[in-house]
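J.: heads up, no residue letters with this:
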């Protein structure tokens, strides 16, 4: 032996994902240290102040909307759905990455997910909350929105189960419930860690939510099984939620909506945007909390690869839509698509193409996948592009459908914008509170990547 | 919010449903929550509380303050406003609550009479229908008649009497009126509107007898004076022509909009349409030639339309006269050849072919009397189906007389001026300067429905009754006397013309009922059993024996020399046409929200008038839609925005009268642009040599339909400006199936072939399992359906306003229309094909088509829109939560959404115009055509009570019963003998967007143009047939 240390595969991976000499203690210290900080970083306060202001705008705008009616928005006849539905689909899409990262990658034993899954799941929860706001407030008579629910009532009225909006409602609610459970289950060992390190009231609160976790062998066994089962339940949901959301459009008769490609195309798009958002947030968080050694470039690289894949999928879907429109020989359908690219909202279409199809092509190159400022900017572009995709689908389709006599232009109002911006307030207020009080990276799972967690660690290989 | 938005918001405040702080406490009917919580009441309430407890807040005071604020807070909340309902204390004998009563009456319009039947709910008139016993309305109506309900309940109507702006008593007026009789009426002038009322006529005679020095002048800004003068020149005396279009196979209109805003339009449309009711390919059809400068309703129905400026119309006529001479007509005409020779030749041939009672020429009111002379002469030799009736019982406008009155006013010879309903300060020729002259008159009376431009300058303002509120009468052109009978007591202490004249003539106030009855007794019903006959008249609305006989006429020899002097337009200048507005007429309907908001035929403009210009002129002047231009004429200038219009002549700028009002009407004040300032007495209808300067500033105009191809699609991707227009052009043949009569005769199954082509495959493997399959057997009757004949529809808007009146459809205001939120359940789509200079026009009236497999029903999450067992797609308003998904999924885009609570601030007076059988929708719910289901239900109940099956004709939906073209048929499609079944069996029947498989219950009958094969060449072939 010439002193060269031969590293095991696990060690090499661990080094990539958790560089530097890290061990159980340092990981716990680093991650649990954030919520335990005595002095909240000034950046947090700044961001939180901003988020709260946006939340205030949100509350005010929604109040005004409820007071005055949906007329405050730019919607009209024939564009009966506007930003509210665009934002709904957009936020649900963003909410996709969480479960995908947590569940599917967990099932595939992709350990690199361990640094970002908490992040992604939390993001999912708040994104779905933001999304759920819109179906609630976009209806004309908000005070009877509960009629969506299948509640036995004295009117003997029942929701119309043939309506995709009802499917939508169930799909998104199921997804939210399972995501919440999944997130909470994953959080239990970490809550116990925080409980053990805290004092006073904090200890009691963390203790309450830690459900008496002691980290015993049997607890771990049950826990792992429960986590696996939840991952199994979540996996089809990742595919179903956006498929169902897409059926809002796909089951209609409107050219440009009435297409069978929507479910897979929506799912791909959702994962694409979800990863974009995780990327944006994790780049900010690792910068603010100096967690570059836990959320590494390796993670970002992996996420960029998934974005490349899903970006190409949506690109394929865009071109296939055009192909089918032409191939079908249906003039109404053909016009719907030509109008997207060349009609009055052509800039929206080409913004979508640029952000969703052109931008991810840079991810073919490792240089760009590991260039953090580039990743940061492109991840934001991806979400802009995905917003435009929904704009293209909702507004451009509706503004010119069958009857030219009813064609019209759509112009959003300040209230469309303020409510959209306001949901960022809702999202970031929640997310920043999470960062402040809960471990943003799964302590228990991050440790799994360490060589020490390898059951064969310490075995002799020479 | 941008500055424009703010401005627009203010605009909405003043122009739309926002009637906040309406001043209707004074004559209120019942007190509502809104009344007690108005600001003043709240203040008074607070003051009372303060007085009671010496400004210190006691517990009791505090609680009452809280109560008051709660009352205020609750008012503005998002829940439905609470309104107290006062029950009948004493019901009329024979009243069954909820069952409407119908009374015949008459809508006097200028010197014509439209017989109407008025539907009264609980002694409250709410809906106007045509009286089928009446010879001019023939059971149909027009948009003015339909909208008259809203005029009745206009909260801005003048209330009571005012003297110098202060409230006055009727008895004071009577004293004043008696004093007018001094000096045999010297210095007394009465200025009235046109009227055909026998009662007013006999009162006039009496007045002139008692006060021979008085003068009585009639003036209307839109009049038929030239027509009457032309007839006088031709036949020696003024006569009223009555165009019997039912006999006409070839109709040539020289600038006449006889089916649009011209007089007697209901009769004309009804009889015109009657001759194009094609049962099958073997039916005959009349042919309409129209020469005009701007597309009118009539022009849009033409088989051949010629685009000529008004000053060239006499050339067309000269040439026509020559052609007719060539063709053998004995007429004195010199050779004349214009550039439109081919068209004129073809029209002349057709006219000749149907000579002897089947061809007719109608001249527009804008033509000079000389031209009318020629037209009358040609009609005479063609033996055109025109009956001439005496005019001497009617009050006919005379600009000459009016000019004389003005010069007397200038000289100070007029001491007392009594203006009966007219508004000369606003609408008289600009060169008369009536506004200045009226100041020379020491004492003035204005009988008016609203404080307008003239009232402001008059001492006495007397509220004028609506025809729902007064006794009166009118006469049709052919002399059928019709009675106007009140439906309700005057709401606003108003007086009729008869009541105002009565103290001047009789020295005392006589009841108008007695006056009318006595005139009828002495002049009209000259039969022994007067009382019985009178009762019958009241029942029928009309006396069945005409007062007039057809006049025998003998024409002087037609002489074409009289019109030899042709008018010339200077280079670079324009012809300006002053046309009556299809919405507000001459301004008299300015404060009617229904009429202001109805999209005008062809232009689809609402709320404003604009200078209509052609595409070429727009390019030449370098102006876009909404950009201002300045039009100068004889030193006067007006500034108004342009609207690019297809089929507009390149030398003509069309200006609609009746806008730019300055009066106390919240709806119409300041809407649009006043064009009267450049309208002079020598050119009342069109003027030549106007100069036009384009300006850079713009004005927002609200149209309900974008017309691509007239203006570049300014938002399209660079290089693709024609995208939308090309697509629309390619869709027209699919949406409005149309062809020529000749093609139809050769290919009778052409429509059905098209329908089959697009029909989805009958059976598919999945069909049995589809959840969208109907689970209801629609073969059991009654099953409701509708058929709309596109061949006879003239896009006159009567259906749309009838629907608005019947179904309580709100007026949303200009700003909302600009956003695309107009609420009309029936919209009329206009499509223009071919050359924008003279396009082929396809109009299509669309409301919910009641699909059997309705895309809207499956997507509603709360099942608020469902299907009834009789095949009607129903909307349950109080189940709707407003996801708007149904409207998105509606391929026809006929669903309308209440984006705001459009009815919240309706003054109580306007609420009285609402039909109690139909819910007033709250904000956040969807609405659409229901096939007037309230009428279906009423008919069903009636049939049940009479223990019989429902019969065809039991249900008359509002649109069908108003349609003057009778293009809309409604009924049970399972009854093979029903009108609608018969219509649907015709081989022109097709369903809109049938390929979607929605199986709509409303289907269309393809549009057929009876084109002259000689005129079909290449571009204007209208050939959508292939």
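T.: It's in. Everything numeric here is computed off the predicted structure, so don't read it as measured data.
J.: can we go C-alpha only for contacts and neighbour counts from here?
T.: Will do.
J.: and residue 423, how many neighbours?
T.: With no chain named, the answer covers chain A. Per other Cα atoms under 10 Å in any protein chain shown, the neighbour tally for residue A:423 reads 26.
J.: Chain B is the one I meant
T.: A count of neighbours around residue B:423, defined by other Cα under 10 Å, yields 25.
J.: Against chain A, how distant is residue B:492?
T.: Per Cα to the nearest Cα, to the nearest Å, residue B:492 is found 34 Å from chain A.
J.: nope, residue B:951 is what I was after
T.: Residue B:951 is 34 Å from chain A, where distance means Cα to the nearest Cα.
J.: Need the pLDDT of that residue.
T.: Residue B:951 is assigned 88 on the pLDDT scale.
J.: need the helix or strand of the chain with the lowest average pLDDT.
T.: By default, I'm working from chain A. Lowest mean confidence among the helices and strands of chain A (mean pLDDT, DSSP states H and E): helix A:9-17, at a mean of 59.
J.: actually chain B
T.: Per-SSE averages on chain B (mean pLDDT, DSSP H and E): minimum helix B:33-36, a mean of 35.
J.: can you tell me the residue of the stretch 251-400 of chain B closest to chain A?
T.: In the stretch 251-400 of chain B, no residue comes nearer to chain A than residue B:300, which is 16.6 Å away by Cα to the nearest Cα.
J.: The closest residue to that residue other than its chain neighbours in helix, strand or coil?
T.: Distances taken as Cα to Cα, 6 or more residues apart in numbering or on different chains put residue B:841 closest to residue B:300, at 5.7 Å, once the chain neighbours are dropped. For residue B:841, the assignment made with DSSP: H, G, I helix; E, B strand; the rest coil gives strand.
J.: ok, residue B:841 touching residue B:834?
T.: No - using Cα atoms under 8 Å, residue B:841 is not in contact with residue B:834; the gap is 9.2 Å.
J.: The two: which has the busier surroundings?
T.: Neighbours per residue (other Cα under 10 Å) separate residue B:841 from residue B:834, with residue B:841 holding more: 20 against 14.
J.: Now do the same for the more buried one: its pLDDT.
T.: pLDDT, residue B:841: 87.
J.: again, but for residue B:79
T.: Looking at residue B:79, its pLDDT stands at 44.
J.: what's the answer for residue A:344, then?
T.: 88.
J.: So it belongs to a helix, correct?
T.: No - using three-state DSSP, the assignment for residue A:344 is coil, not a helix.
J.: Check the gap between it and chain B for me.
T.: Residue A:344 is 4 Å from chain B, where distance means Cα to the nearest Cα.
J.: can you pull out the strands in the stretch 851-1000 of chain B?
T.: B:865-867, B:873-875, B:896-897, B:926-927, B:968-972, B:989-990 (DSSP state E, counting those that start in this stretch).
J.: Of all those strands, which one is nearest residue B:602?
T.: With Cα to Cα as the measure, strand B:968-972 is the member of these nearest residue B:602 (20.0 Å).
J.: Packing partners of the closest one?
T.: strand B:784-789, helix B:958-962, helix B:979-985 (3 or more Cα pairs under 8 Å, 6 or more residues apart in numbering or on different chains; DSSP states H and E).
J.: That one versus strand B:784-789: what angle between them?
T.: Using axes from the mean of the first three to the mean of the last three Cα atoms, to 10 degrees, one finds that strand B:968-972 and strand B:784-789 are set 160 degrees apart in direction.
J.: what pairs with strand B:968-972, and is each one parallel or antiparallel?
T.: Using DSSP bridges, the strands paired with strand B:968-972 are strand B:784-789 (antiparallel).
J.: quick one: contacts of stretch B:932-948?
T.: B:806-807, B:917-918, B:949-950, B:954-958 (Cα atoms under 8 Å, 6 or more residues apart in numbering or on different chains).
J.: For chain B, give the residue positioned nearest to chain A.
T.: Counting by Cα to the nearest Cα, chain B gets nearest to chain A through residue B:924 (3.5 Å).
J.: which regions of the stretch 751-900 of chain B lie under the pLDDT threshold?
T.: By pLDDT under 70, the low-scoring segments of the stretch 751-900 of chain B are B:758-776.
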